[in-house]
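Enquirer: Below is the structure, and that's it, no one-letter string:
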């Protein structure tokens with residue numbers, strides 16, 4: 001492996017680390033929103049038995065809570081790989097170090113990087129939708145609990 005190959009591998013590794021860090025921070029924020037959703041759910045459920053019929057604010061709050069929870073779970077689910085699978089690495093190691101195995105490793109890392117970028121985009125989209133659903137659930141839950 002040449003110095004240029006080492007630099008290419010190092011740069012791809014750095015980018016994989018950045019994407020992993022971004023995904024971890026989004027997952028932490030999604031977890032906080034799941035907590036907020038749980039708090040709103042407890043407020044809504046505490047007054048649930050005092051209503052003779054389903055009101056629009058209650059139905060909307062329940063729907064928004066369900067959507068926010070589902071999106072939060074989808075955001076947190078770890079679909080991200082940060083390295084090639086062990087079975088691939090074992091096959092390449094059995095061949096020995098060569099320009100071919102270095103090229104295969106680099107190609108695998110670039111493919112993982114492309115997949116990581118796509119996963120980050122999906123996580124950001126789910127997170128934004130989760131945040132919107134959580135805000136709607138909070139507003140409707142508070143409106144319902146105030147008896148409006």
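Expert: Received, thanks. Note that the structure is predicted; figures quoted are calculated from it, not measured.
Enquirer: Nearest the middle, which residue of the protein would you pick?
Expert: In the chain, the C-alpha nearest the mean C-alpha coordinate belongs to residue 75, at 2.9 Å (Cα atoms, centre = their mean).
Enquirer: gap between residue 127 and residue 56?
Expert: From residue 127 over to residue 56 the distance is 27 Å, taken as Cβ to Cβ, to the nearest Å. Where C-beta positions appear, they are placed from N, C-alpha and C, glycine not excepted.
Enquirer: Between the two, which has more neighbouring residues?
Expert: residue 127 (20 against 10; other Cβ atoms under 10 Å).
Enquirer: Can you classify that one by secondary structure?
Expert: helix (DSSP: H, G, I helix; E, B strand; the rest coil).
Enquirer: Quick check, it in contact with residue 29.
Expert: Yes - at 6.5 Å, residue 127 and residue 29 qualify as touching, with contact defined as Cβ atoms under 8 Å.
Enquirer: helices or strands up against the helix or strand hosting residue 64?
Expert: Taking DSSP states H and E as the criterion, residue 64 maps to helix 56-76. Helices and strands touching helix 56-76, by 3 or more Cβ pairs under 8 Å, 6 or more residues apart in numbering; DSSP states H and E, are helix 3-46, helix 99-145.
Enquirer: Out of these, which is closest to residue 70?
Expert: With Cβ to Cβ as the criterion, residue 70 lies closest to helix 99-145 of those, at 8.5 Å.
Enquirer: Alright, calling it a day.
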